[in-house]
Structure formats: C-alpha cells, structure tokens
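Asker: Dropping a prediction and its sequence here:
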Amino acid sequence: RKMPVVMGNGFGGVIFHEACGHLLETEAVRRKASAFAGKIGEQIAHPEVTAVDDGLIANSWGSITVDDEGRAPQKTVLIENGVLKTYLSDRVGSDETGVSLSGSARRESYQYAPVSRMRNTYIAAGKHSPASIIASVDEGLYAKKMGGGSVNPATGEFNFAVEEGYLIKNGKIGDPVRGATLIGKGPEILPLISMAGNDLELAAGMCGASSGQVPVTVGQPTLKVDSILVGGR
C-alpha cells in the first residue's frame, strides 16, 4: 500500500541516480526517451529538491579531471528548488538540445563513443534534522538502508529492496520490517519529496550504460517522500 516513507541518507541516492538521473542525460533527452524532455524551466519536483551533478569533488570516486571529449568538468545544478535547470550534455546532445556543455562526456574505454553520463550526483542537503523528519510522520516506513533493485531507465520505473527498515508510528521509530520494497516512478516521486535533511552523504558505485562502466557517486540526505508504494510481505 501507499504510505509516507523516510529514506536514509547516502546510498539511498541510487534511486535518484537510476530513476531520474539517466533521464536528465542528453543521450536520453535527444532521443525523446525522457519524461524530462522539453521541460527546462518547469517545476518538476517539490521546492525542497535541489539536485546536483558535480565532477569536481576532491577525492571523490566519480570525479574526473577532463571529460572524454577533452572538456573540463564542472558543477552542474540540474534541479534548483524543484525547477529543471539543464541536462547533462555531451557535444552531440548539446547541439541537439541547445543546453550548454557540462563536461559530462564519459566512456569506459576507447571501445565506446563518449556520451553524457553522471559523475557525483546527489540531492542537496536541506535544513531539517533527520529526527524532525521522522517526527513528522504519523504512520509510515523508515527505509534506513536500501538494497539492490531494478529500474527501467527509459521510464524511471523502479523497484528497490529495503535492506534495513522500521515502521514509524506517531513520529517514533518502531518495529523492524523484513522484505519491504519501494515501487514507483522517478518523475512521479520528485514532487512528493517534501523534506530534505541536513545530513547529506555520498556513496560510491559503478554505472553501466551505452558507453560502458564508469565510476560514479550517488548521494542524498535523509528524505521524506509523502507517498510511495511499499510492497512485500
């Protein structure tokens, strides 16, 4: 059933990466395979949501010194206070969509042509303490730690296991739950993220796409999603 969910910080950001991030790459936008195509300047998320892709974070797993088309990386604000600002672009994507180059062209090796890819991608910290976010929920789920999952990068539909989860009752963490999954669609979840915590954390991973496997970082603070489908036993 649908219920409010508080998502823990750090690796929980993999859901944004998979279910929204790929749809913000010009590789998807220029092929009209993204729900965010043609929406620059529009409100696509709750005003609490600012999302960033930053290729410059010192010593971070997803940082690069130069992209695979020879351009310097930069910090790119993708969503600011809920408004879509730009896409992650490569040369072809920039030409076809009109957005400026973001130094995001990446590939695993010379076996592949470089395309727009994420680097260190995260939902920015907000002003709420994690405790106050949990206290705002009468009845819901605290998904402290996310596990593996599946996603359709073309639509943003996702299904992720909750590795460590607890019921929330009257604003307090209660019994642990087993076998819960979060099911939803990235573009539909963004407007429902109503609180962002002040505890941003990043987590390293690998991302596979048409230009091979590249190192990336995902991240987020503790987040409150007002309503999301929770499956499981």
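Answerer: That came in fine, so what should we check first? Numbering: from 1, shown residues only.
Asker: What ranges does the chain have for its helices?
Answerer: For the chain, the helices defined by DSSP state H cover 14-19, 26-29, 91-97, 130-135, 186-189.
Asker: OK, contacts around the residue lying farthest from the centre of the chain?
Answerer: Distance from the C-alpha centroid of the chain peaks at Asn170, with 28.5 Å (C-alpha atoms, centre = their mean). Going by C-beta atoms under 8 Å, 6 or more residues apart in numbering, Asn170 touches Asp138, Glu139. In this view, the C-beta of every residue, glycine as well, is placed from N, C-alpha and C.
Asker: What does the pLDDT read for it?
Answerer: The confidence metric pLDDT takes the value 98 at Asn170.
Asker: So what does it look like in phi/psi?
Answerer: Note on Asn170: backbone dihedrals following degrees, to the nearest 10 are phi 50, psi 40.
Asker: Output the helices of the chain as CSV; include the columns mean pLDDT, mean neighbour count and distance to Asn120.
Answerer: Rendered in CSV, the data for the helices of the chain read as follows (pLDDT from 0 to 100; neighbours: other C-beta atoms under 10 Å; distance: least, C-beta to C-beta, whole Å):
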stretch, mean pLDDT, mean neighbour count, distance to Asn120
helix 14-19, 93, 26, 10
helix 26-29, 96, 25, 18
helix 91-97, 97, 18, 19
helix 130-135, 99, 18, 22
helix 186-189, 96, 21, 19
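Asker: Tell me which of those lies nearest to Ala143.
Answerer: If you check each of the helices of the chain against Ala143 by C-beta to C-beta, helix 14-19 wins as the nearest, at 9.7 Å.
Asker: what residues does the closest one touch?
Answerer: 7, 51, 118, 121-123, 146, 149, 151, 153, 156-158, 160, 182, 184-186, 189, 203, 205, 207, 216, 218, 220.
Asker: Put the alpha carbons of that helix into PDB.
Answerer: Only the C-alpha atoms of helix 14-19 are listed here, as PDB (Å, rounded to 0.1, in the frame of the first residue of the first chain):
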ATOM      1  CA  VAL A  14      20.900   5.300  -6.000                       C
ATOM      2  CA  ILE A  15      17.100   5.700  -6.600                       C
ATOM      3  CA  PHE A  16      17.500   9.300  -7.900                       C
ATOM      4  CA  HIS A  17      20.600   8.200 -10.000                       C
ATOM      5  CA  GLU A  18      18.700   5.400 -11.600                       C
ATOM      6  CA  ALA A  19      15.200   6.600 -11.800                       C
END
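Asker: Find the nearest non-adjacent residue to Ser89, please.
Answerer: Thr26 (4.4 Å; C-beta to C-beta, 6 or more residues apart in numbering).
Asker: cool, Gly148 as well?
Answerer: Leaving out its chain neighbours, the residue that sits closest to Gly148 by C-beta to C-beta, 6+ apart is Ala161, at 5.9 Å.
Asker: For burial, what's the neighbour tally of the one you found?
Answerer: Applying the criterion other C-beta atoms under 10 Å, we find 18 residues in the vicinity of Ala161.
Asker: for Pro221, same thing?
Answerer: Each residue near Pro221 was counted by other C-beta under 10 Å, and the total is 26.
Asker: pretty sure it is touching Ala125, no?
Answerer: Yes - because the distance of 4.7 Å satisfies C-beta atoms under 8 Å, Pro221 is recorded as touching Ala125.
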